[in-house]
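**Student:** generate a structure from the sequence data that follows.
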Amino acid sequence: MNKISNAQAAQVLDDAASHIRAQAAHINELEEKLASRERRDRVEKLASLMHSKGLELDTPVETLADRFEKAAAAGKLEAVEHAVDLVGPDMGTKLAQLTNDEPGVSSGASTLEQFIVGVAG
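**Tutor:** Prediction:
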């Protein structure tokens, strides 16, 4: 049976501890990368869902994903996901538009159209 001295045993324990610390640091680094990738996948899916529901169509998916990553860092991503879930399909389409028409300015061309709109009278 091979016997080792106390100094050699201490050296083996020191080496083992340093290897364990290095492995733990490597594992933490990989876990952070994985969490970052999962978060990016989640925000890209949310941005695609928004586009499919007709929301923020003028903003590219990548820009929305970047915006949602900032919201995730602030801890607000769950609220955004819940809000998007509440939106039905095509609820983001514009049905009407508000204007700041001055009273007395004709919205219609004929007197009848002006009367119906309420300008003439």
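**Student:** lowest average confidence, helix or strand, in the protein?
**Tutor:** Every helix and strand in the chain was compared by mean pLDDT, DSSP states H and E; the lowest is helix 111-117, with a mean of 78.
**Student:** what are the buried residues along it?
**Tutor:** If you call a residue buried by 16 or more other Cβ atoms under 10 Å, then helix 111-117 has these buried ones: Gln114. For glycine as for every other residue, the C-beta is placed from the backbone atoms N, C-alpha and C.
**Student:** quickly find the element holding the spatially most central residue of the chain.
**Tutor:** Closest to where the C-alpha atoms of the chain average out (Cα atoms, centre = their mean) is Phe68, at 2.2 Å. Element membership of Phe68, judged by DSSP states H and E, is helix 61-73.
**Student:** dump the C-alpha coordinates for that helix into PDB.
**Tutor:** C-alpha atoms of helix 61-73 as PDB (Å, rounded to 0.1, in the frame of the first residue of the first chain):
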ATOM      1  CA  VAL A  61     -39.500  42.400 -33.500                       C
ATOM      2  CA  GLU A  62     -35.800  42.800 -32.600                       C
ATOM      3  CA  THR A  63     -36.500  46.300 -31.200                       C
ATOM      4  CA  LEU A  64     -39.500  45.000 -29.200                       C
ATOM      5  CA  ALA A  65     -37.400  42.200 -27.900                       C
ATOM      6  CA  ASP A  66     -34.700  44.700 -26.800                       C
ATOM      7  CA  ARG A  67     -37.300  46.800 -25.000                       C
ATOM      8  CA  PHE A  68     -38.700  43.700 -23.300                       C
ATOM      9  CA  GLU A  69     -35.300  42.600 -22.100                       C
ATOM     10  CA  LYS A  70     -35.000  46.000 -20.300                       C
ATOM     11  CA  ALA A  71     -38.400  45.300 -18.800                       C
ATOM     12  CA  ALA A  72     -37.200  41.900 -17.700                       C
ATOM     13  CA  ALA A  73     -34.200  43.400 -16.000                       C
END
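**Student:** which residue is the nearest non-sequential neighbour of the residue nearest to the centre of the chain?
**Tutor:** Residue nearest to Phe68 in three dimensions, not counting chain neighbours: Val43, with 3.8 Å by Cβ to Cβ, 6 or more residues apart in numbering.
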